[in-house]
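Enquirer: Only the shape, not the letters, is given here:
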């Protein structure tokens, strides 16, 4: 339950920082950000980080709890770490603490809101790197956009609103394309899968479970799904020519936010490419 504890603490820390007076927010946020570092280092020390959870590798600190069933598919709370995700969890916790500390001088207004959003983004980033159910992962993936939008749009430079809206529109459009590609792939698996668990879907594809869907051949479905997900993740990396939102976001974002943008958020796209396009 270490992952659940890490997520719960970080979300609670964000809410607490939102509620405190501005003059205490910076030190409180930094102090609270040290706890996730300790949690991620504990996981690092307790697990020999190697292998890919989607291809039969060891899943550490795994929790599976069914939620509800929709159209024959089980939605579930499914989290865990492997050799791909654990280093990124550690990276997230360290960079968040450093970004918060670096904000003490430049951020001189609405500090409690700023630091609360930073911790909220950290919690969602941890969720992205630990979720092993597609719908759970997608919720965290999209939730990361919300604090980043406000961090750029409120505390950014002169063109902050333009940069924030451009960032939000680009990444949301990319997420929609990726979502359509993945769902098409899942539906084409038919009875081969009963949930949106990423290891189950990966194994079903590897075992030849992909079938004809609405008269479309399995090879065509696989190609279209690959391209849709690749394009969706290419915007997040970002890869030329889908990168034009990044210069605006980096220029207009305050420096501590740029630290997280470059250090962790852009890694989300590469992580997703490894998880989906490369592995599946």
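Expert: Okay, I see it. Only a predicted model underlies this, so the values are computations on that prediction, with no experimental measurement involved.
Enquirer: Go ahead and confirm residue 229 touches residue 180.
Expert: No. The pair residue 229 and residue 180 does not pass the contact test of Cβ atoms under 8 Å, sitting 9.3 Å apart. For every residue, glycine as well, the C-beta is placed using N, CA and C.
Enquirer: When these two are compared, which one has more neighbours?
Expert: Neighbours per residue (other Cβ atoms under 10 Å) separate residue 229 from residue 180, with residue 229 holding more: 25 against 15.
Enquirer: how much space between that one and residue 181?
Expert: From residue 229 across to residue 181, the span is 5 Å (Cβ to Cβ, to the nearest Å).
Enquirer: joint contacts of these two?
Expert: Counting by Cβ atoms under 8 Å, 6 or more residues apart in numbering, residue 229 and residue 181 have no contacts in common.
Enquirer: Spatially central residue for this protein, please.
Expert: residue 128 (3.0 Å; Cα atoms, centre = their mean).
Enquirer: which stretch of helix or strand covers it?
Expert: According to DSSP states H and E, residue 128 maps onto helix 111-130.
Enquirer: who does that helix touch, helix- and strand-wise?
Expert: Applying 3 or more Cβ pairs under 8 Å, 6 or more residues apart in numbering; DSSP states H and E, we find helix 111-130 packed against helix 2-19, helix 22-46, strand 73-81, helix 86-102, helix 134-143, helix 145-155, helix 255-260, helix 266-272.
Enquirer: Go again with 6 Å.
Expert: helix 2-19, helix 22-46, helix 86-102, helix 134-143, helix 145-155 (3 or more Cβ pairs under 6 Å, 6 or more residues apart in numbering; DSSP states H and E).
Enquirer: ok, and what's touching it?
Expert: Helix 111-130 is touched from outside by 3, 7, 10-11, 13-14, 17-18, 20, 22, 25-26, 29, 79, 81, 85, 88-89, 92, 96, 100, 107, 140-141, 143-144, 147, 150-151, 264, 268, with contacts defined as Cβ atoms under 6 Å, 6 or more residues apart in numbering.
Enquirer: Just the buried ones from these?
Expert: For the contacts of helix 111-130, a neighbour count by 16 or more other Cβ atoms under 10 Å gives the buried set as 3, 7, 10-11, 13-14, 17, 20, 25-26, 29, 79, 81, 85, 88-89, 92, 96, 100, 107, 140-141, 143-144, 147, 150-151, 264, 268.
Enquirer: Figure out which of the helices and strands packed on helix 111-130 is closest to residue 275.
Expert: helix 134-143 (8.5 Å; Cβ to Cβ).
Enquirer: Could you pull out the buried residues of that closest one?
Expert: For helix 134-143, using 16+ other Cβ under 10 Å, the buried residues are 134-138, 140-141, 143.
Enquirer: List of residues touching the longest strand seen in the chain?
Expert: What stands out as the longest strand in the chain, according to DSSP state E, is strand 60-70. For strand 60-70, the surrounding residues in contact (Cβ under 6 Å, 6+ apart) are 2-3, 47, 74-81.
Enquirer: which among the residues you listed end up buried?
Expert: Buried by 16+ other Cβ under 10 Å: 2-3, 47, 74-76, 78-81, out of the contacts of strand 60-70.
Enquirer: just those residues now: which is nearest residue 34?
Expert: For those, the nearest to residue 34 is residue 2 (16.1 Å; Cβ to Cβ).
Enquirer: Now that closest one: closest residue in space, sequence neighbours ignored.
Expert: Of all residues not flanking residue 2 in the chain, residue 61 sits nearest, at 5.1 Å (Cβ to Cβ, 6 or more residues apart in numbering).
Enquirer: how close does the one you found get to residue 238?
Expert: 31 Å.
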